[in-house]
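S.K.: requesting a structural model of the entry that follows:
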Amino acid sequence: MTKAAAHRSDFSSLAKQYAAYRTSYGDDLFDTIASFARASLADDSIDARPASLRALDLACGTGLSTAGLTAHGYAVSGVDIAAGMLAQARQSVDGDCTFYEARAEALPFADGAFELVSCAQAFHWFDAPKSLGEIARVLKRGGAVALYWKHALPDDPFETRAVELMREISGRDDPYNVSRSLTDRFEEFWSERRALRDHEQWRLPLELSFTVESFVGYHSSREIARFQLGDRRAEFLTRLQKDVAEMAPGGSFAVKALQYLFLARKR
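M.R.: Predicted structure coming up:
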């Protein structure tokens, strides 16, 4: 068994890279989530709107999505399995938020506790049926769930180079975007969730600004790179640094990306 195959995820050890190099989502994504989530509260059949809307941010990491939710008026409970990530979130996120160490498959909250459950760039790590069962349990009647990712466009030259390098070094045909493979087939899976209704899918363009350092730093923060490459991860990052510096002699560049957003309501 190779060291890559034997790798066990340890997101706490990536907390500093996440804090330094991970980027958030566009305001349009959080606007879309907030609009969808609030729409059901205007329905007379739904309980009266509380003074403070409550959101649960699953796998909140260093709090990028938590900050987006608090900026839209939510009181947010962020949960993550990685204590190191939560420590970074507590330092960096202002607003009405608290953080807990917990798994999406076993949430330490009461039934119907939240008006919104959010998960950014992490659902692919969960046991989907168990986590969706927990999401439905902690949502109030008519509450909303938002699952979202962002990925560089496949034909972006910087993304292309990173994928080519990963494929070459790992020896895998599909080396990198586990989460992208999920979003590509998620519509059918999503529409079958019987506890949820009013499914919507959105594709929202986004442009990400990078320097050579921050682009390589972003890829150093990707758990899938450690998982696939093992001892050859450093080689990947060194070669990526060299190639991207040649591609962007000015030192900075933009990567075109797409935000994938899946929305639904609890029946």
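S.K.: any weak-confidence spans in the stretch 101-250 of the chain?
M.R.: Residue ranges of the stretch 101-250 of the chain with pLDDT under 70: 174-181.
S.K.: go again using 90 as the cut-off
M.R.: For the stretch 101-250 of the chain, residues meeting the criterion pLDDT under 90 lie at 124-125, 128-129, 154, 166-167, 170-197, 199, 220-231, 233.
S.K.: so which residues of it form strands?
M.R.: Along the stretch 101-250 of the chain, the stretches classed as strands by DSSP state E, counting those that start in this stretch are 114-120, 139-152, 196-211.
S.K.: single out the most deeply packed of the ones you listed.
M.R.: Counting by mean count of other Cβ atoms under 10 Å, strand 114-120 has the highest mean neighbour count of the strands of the stretch 101-250 of the chain, with a mean of 26. All C-beta spots, glycine's among them, are computed from the backbone N, C-alpha and C.
S.K.: other SSEs contacting that strand?
M.R.: If contacts are counted by 3 or more Cβ pairs under 8 Å, 6 or more residues apart in numbering; DSSP states H and E, strand 114-120 sits against helix 27-39, strand 53-58, helix 64-70, strand 74-80, helix 128-138, strand 139-152.
S.K.: including distance to residue 221, could the ones you listed go into TSV?
M.R.: Formatted as TSV, the helices and strands packed on strand 114-120 follow (distance: least, Cβ to Cβ, whole Å):
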stretch	distance to residue 221
helix 27-39	20
strand 53-58	19
helix 64-70	12
strand 74-80	15
helix 128-138	23
strand 139-152	14
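S.K.: residue 162 is nearest to which of those?
M.R.: Closest approach to residue 162 among those (Cβ to Cβ): strand 139-152, 8.3 Å.
S.K.: please save the CA atoms from the closest one in PDB.
M.R.: What follows is the C-alpha trace of strand 139-152 in PDB, where atoms were taken according to Å, rounded to 0.1, in the frame of the first residue of the first chain:
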ATOM      1  CA  LEU A 139     -34.400  22.300   9.900                       C
ATOM      2  CA  LYS A 140     -37.700  23.800  10.900                       C
ATOM      3  CA  ARG A 141     -40.700  23.200   8.600                       C
ATOM      4  CA  GLY A 142     -40.200  25.100   5.400                       C
ATOM      5  CA  GLY A 143     -36.500  25.800   6.200                       C
ATOM      6  CA  ALA A 144     -34.000  25.900   3.400                       C
ATOM      7  CA  VAL A 145     -30.800  23.900   2.700                       C
ATOM      8  CA  ALA A 146     -28.000  25.300   0.500                       C
ATOM      9  CA  LEU A 147     -25.200  23.100  -0.800                       C
ATOM     10  CA  TYR A 148     -22.600  24.800  -2.900                       C
ATOM     11  CA  TRP A 149     -19.100  24.500  -4.500                       C
ATOM     12  CA  LYS A 150     -16.900  26.600  -6.700                       C
ATOM     13  CA  HIS A 151     -14.500  25.200  -9.400                       C
ATOM     14  CA  ALA A 152     -12.200  26.800 -11.900                       C
END
